[in-house]
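>>> fold the following, please.
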Amino acid sequence: MLKAMRYDNILFETRDGIGKITFNRPSRLNALSDAALQETASCILDANKDASVNVLIITGAGKSFSTGRDIESLSGGLSNINVNVPLLSDTVRDVVNAIQSISKVVIAMVNGYCLTGALEITLACDLIIASESAKFGDTHARWGLRSGAGMSQRLPLLIGVLKAREMSFTAKIISAHEAENIGLVNIVVTDEKLEETTYEIAHKIMENSLDSVAAYKHLFNAFINNAIQQGVFLETYGILPIRDTIERINKFKK
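Numbers count the residues shown, from 1 in each chain. Next up, the predicted model:
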């Protein structure tokens, strides 16, 4: 049985107890506008209330998972002052919090680029499955921005401080296989096998006690959140001046 719901910026469908959210702005490489992020957070919370959905998958339409925040939509109202205000990352943080708060497992199924704000969302997921063509990067520094939805805390927890510094300081984009080698993703498969493999893993999860899985998710998240709580607060509310944001956005958006 397949169910589908209509949104403007994402797609949502369910099949055999698995819900799939798809970022659906392929012409923009699924760059995340506030509207897309708001729909995603709402969809995650609604899916958690749906008894027919046991596992959630998040992916992107076309050739990209998502290149992150839609800089074109930000730059008009962005200033070197408000880059440090929580509003800049509120809608990304809403998606991260939704993923973390629900009892159901959320799997990131990563195809193509997964950058910056999209990587923040991916890091909040319970499992990350990537295609061979997937590419990962924290490009905040390229744009004169900083993370605001937990990346500065979750990334070093996942891959170690040295590798996290390397990724964030250089803003380099790494391959799926390098991401697997440093522990950023669970599994890398061929592009053709990505959806099949992700659904197989979702079905394996569903073969077990979903109450047990939910309990484990809660306990794992308690460990993570206890470890990063102070850092996330600083990331959200700390005044960390960045003075060249507009200059860098104007330089690289051309």
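>>> how about low-confidence regions in the stretch 51-200 of the chain?
Applying pLDDT under 70 to the stretch 51-200 of the chain flags residues 73-88.
>>> can you give me the neighbour number for I173?
15 (other C-beta atoms under 10 Å). Glycine gets a C-beta too; all of them are placed from N, C-alpha and C.
>>> please shift the residue numbers so they start at 787 in all later answers.
All set: I'll call the first residue 787, so the last point we hit is now I959.
>>> who's in contact with it?
Y899, L901, K921, F922, G923, T925 (C-beta atoms under 8 Å, 6 or more residues apart in numbering).
>>> of these, closest to L818?
L818 has its nearest neighbour among the contacts of I959 in L901, at 10.2 Å by C-beta to C-beta.
>>> can you pull the phi and psi angles for that closest one?
phi -120, psi 140 (degrees, to the nearest 10).
>>> these two touch, right, it and I857?
No - shown here, L901 and I857 do not form a contact pair, counting by C-beta atoms under 8 Å, at 10.9 Å.
>>> ok, the two, which is more surrounded?
Using other C-beta under 10 Å as the criterion, L901 and I857 rank with L901 on top: 26 against 17.
>>> how near is I843 to E799?
Distance from I843 to E799, counting by C-beta to C-beta, to the nearest Å: 10 Å.
>>> need the strands for this protein, in chain order.
Along the chain, counting by DSSP state E, strands occupy 788-792, 796-801, 804-809, 841-846, 850-852, 891-896, 899-901, 913-917, 921-923, 959-961, 973-975.
>>> which one of those strands lies closest to L1005?
Closest approach to L1005 among these (C-beta to C-beta): strand 891-896, 13.4 Å.
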